[in-house]
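1. okay, sequence plus prediction incoming.
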Amino acid sequence: MRVLRNPLFVASVALFFSACTKSENETPETLLPKANAIATIASVQEIDSTAINTQALINKDWKYYEYYTNYNTSAPKLVYKDGKTPVSLDLKPIKVRYNSNGTYSETTAAGTTLNGTYDLSNLGKQLNIHINNVTFSSRIWPTNDVLKWNAIDGGNYGIMMPVLPVTDQTKTIEQMLTANKWKYDMCFWNYSQATSDIVYMTNKIFINPLQNSTEQYFSNHTWTAITNSGVTQTGTWTLNGNKVTVTAGTTSLTHTITILRTGQMEQLADPFASSTRGGVYSKFVPAN
């Protein structure tokens with residue numbers, strides 16, 4: 001969890017061309033916590049999450065799913081995502097483990113093992129890793145299957161999982177497309193490059209945000225999208241293997257579709273002549 005922090009350690013266009021534009025407005029999840037602060041909301045003391053967060057962390061081999069730099073700025077970058085090529089950092093070999101006795105181990109990208117200890121502070125919401133007299137601290141949001149962390153002393157942000165998402169082989173793409181109304185979870189530009197730009201992410205809103213935008217693929221092969229401002233667009237869709245093409249009027253756009261076992265849908269837009277966005281990737285989650 002310390003990539004790029006110390007040299008000693010390894011660290012669609014859906015809605016067609018109107019979607020995925022940047023902004024600088026951030027929600028509280030992106031803010032760094034005040035050290036040793038006990039927050040109160042409406043005079044009610046915040047609950048100590050040390051025990052529940054420790055239980056979520058321990059006895060699992062955590063692997064990187066995504067890694068970001070400059071996350072707390074107006075220009076955050078995606079530098080690693082499992083399954084993406086190219087990437088700026090190859091974090092696939094890295095594996096970390098938190099043991100119930102307070103010890104910590106990490107397999108680095110070079111294949112070596114780092115050992116240390118860890119503890120939680122700030123009511124269990126800050127994770128501190130101690131290795132060779134150096135401490136790495138992060139704000140954390142752990143569950144049993146996802147660990148999200150944001151470095152206290154910088155803009156690095158990571159998402160780790162004990163089991164990485166894989167393609168759902170139990171349903172066809174058409175079954176999954178038509179089973180849900182879909183909303184954005186995230187959107188990137190320049191996805192074909194080693195470093196990609198975050199354009200939208202749930203809980204991190206940008207200009208012309210996408211949190212209210214939805215798409216729906218109907219079994220009769222009609223398609224409806226609602227923009228963030230409430231404008232409805234309609235069209236048709238066709239499927240060829242894992243590529244879906246949406247046509248609205250005289251405009252068509254094709255995406256490569258991946259349905260993950262987590263119930264999420266990934267879309268990677270095919271290149272189109274007027275685009276300067278360097279590859280557009282979007283992830284959708286069910287909206288219904």
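-> Perfect, thanks for sending it. All figures in this text were calculated on a predicted structure; none of them were measured in a lab.
2. looking at the chain, which helix or strand is least sure?
-> strand 40-41 (a mean of 45; mean pLDDT, DSSP states H and E).
3. so where's this structure shaky on pLDDT?
-> Residue ranges of the chain with pLDDT under 70: 1-44, 205-208, 272-278.
4. domains of it?
-> Under the assignment automatic domain parsing, the domains of the chain span 48-161, 173-286.
5. in CSV: those, plus mean neighbour count and distance to T167.
-> For glycine as for every other residue, the C-beta is placed from the backbone atoms N, C-alpha and C. CSV is the format used below for these (neighbours: other CB atoms under 10 Å; distance: least, CB to CB, whole Å):
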stretch, mean neighbour count, distance to T167
domain 48-161, 17, 10
domain 173-286, 17, 6
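6. ok, now which ones touch the residue nearest to the spatial centre of the chain?
-> For the chain, the residue sitting closest to the mean C-alpha position, by CA atoms, centre = their mean, is E66 at 6.1 Å. Neighbouring residues of E66 by CB atoms under 8 Å, 6 or more residues apart in numbering: L78, Y80, K81, D82, G158, I159.
7. is it true that it lies in a helix?
-> No - applying DSSP: H, G, I helix; E, B strand; the rest coil, one finds E66 to be strand, outside a helix.
8. would you map the strands across the stretch 101-250 of the chain?
-> With DSSP state E, counting those that start in this stretch as the criterion, the stretch 101-250 of the chain has strands at 103-107, 113-121, 126-131, 134-142, 147-151, 157-161, 181-189, 196-201, 214-217, 222-226, 232-240, 243-248.
9. minimum distance to K92: which of these has it?
-> When the strands of the stretch 101-250 of the chain are compared for distance to K92 using CB to CB, the nearest one is strand 103-107, at 11.0 Å.
10. return the distance of that closest one from the chain's centre.
-> From the chain centre to the centre of strand 103-107 is a distance of 24 Å (CA atoms, centre = their mean, to the nearest Å).
11. mind checking how far N228 is from S213?
-> Taken as CB to CB, to the nearest Å, the spacing of N228 relative to S213 amounts to 5 Å.
12. er, G249 actually
-> From G249 to S213 the distance is 19 Å (CB to CB).
13. and what of I173?
-> Between I173 and S213 the distance is 21 Å, computed by CB to CB.
14. repeat for K60
-> Going from K60 to S213 by CB to CB gives 34 Å.
15. with G241 instead?
-> Taken as CB to CB, the span from G241 to S213 is 26 Å.
16. then Q193?
-> Distance of Q193 to S213, computed by CB to CB: 24 Å.
17. got it, and A248?
-> Separation of A248 from S213 (CB to CB): 15 Å.
18. show the contacting residues for L57.
-> Y98, L127, P142, L147.
19. the residue lying closest to Y64 once chain neighbours are set aside: what secondary structure?
-> Excluding the flanking residues, the one nearest Y64 by CB to CB, 6 or more residues apart in numbering is L91, at 4.2 Å. Of the three states, L91 takes coil under three-state DSSP.
20. again, but for T54
-> Following three-state DSSP, the label given to T54 is helix.
21. so what sits opposite the closest residue to A151 other than its chain neighbours in the bridge?
-> Of all residues not flanking A151 in the chain, S138 sits nearest, at 5.2 Å (CB to CB, 6+ apart). Beta-bridge partners of S138, counted by DSSP bridges, are L127, A151.
22. contacts for stretch 230-247, please.
-> 14-16, 173-174, 177, 212, 217, 221-227, 248-249, 252-258, 267, 270.
23. now the end-to-end length of it.
-> In stretch 230-247, first residue to last residue: 20 Å (CA to CA, to the nearest Å).
24. what about that stretch, distance to the chain center?
-> 24 Å.
25. what of stretch 191-210?
-> 10 Å.
26. would you mind writing the CA trace of that stretch as CSV?
-> Extracted C-alpha coordinates of stretch 191-210, given in CSV (Å, rounded to 0.1, in the frame of the first residue of the first chain):
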residue,chain,number,x,y,z
TYR,A,191,-7.6,4.6,-21.5
SER,A,192,-5.3,3.4,-24.4
GLN,A,193,-2.4,5.2,-22.7
ALA,A,194,-0.3,4.0,-19.8
THR,A,195,-1.7,6.8,-17.6
SER,A,196,-5.4,7.6,-17.9
ASP,A,197,-7.5,10.6,-16.8
ILE,A,198,-10.4,10.2,-14.4
VAL,A,199,-13.4,12.0,-15.8
TYR,A,200,-16.0,10.7,-13.4
MET,A,201,-16.1,8.4,-10.4
THR,A,202,-18.9,7.7,-7.9
ASN,A,203,-18.4,9.9,-4.9
LYS,A,204,-15.9,12.1,-6.8
ILE,A,205,-17.9,14.4,-9.1
PHE,A,206,-16.6,16.5,-12.0
ILE,A,207,-18.0,19.1,-14.3
ASN,A,208,-21.1,17.9,-16.2
PRO,A,209,-21.3,15.0,-13.7
LEU,A,210,-22.7,11.6,-14.6
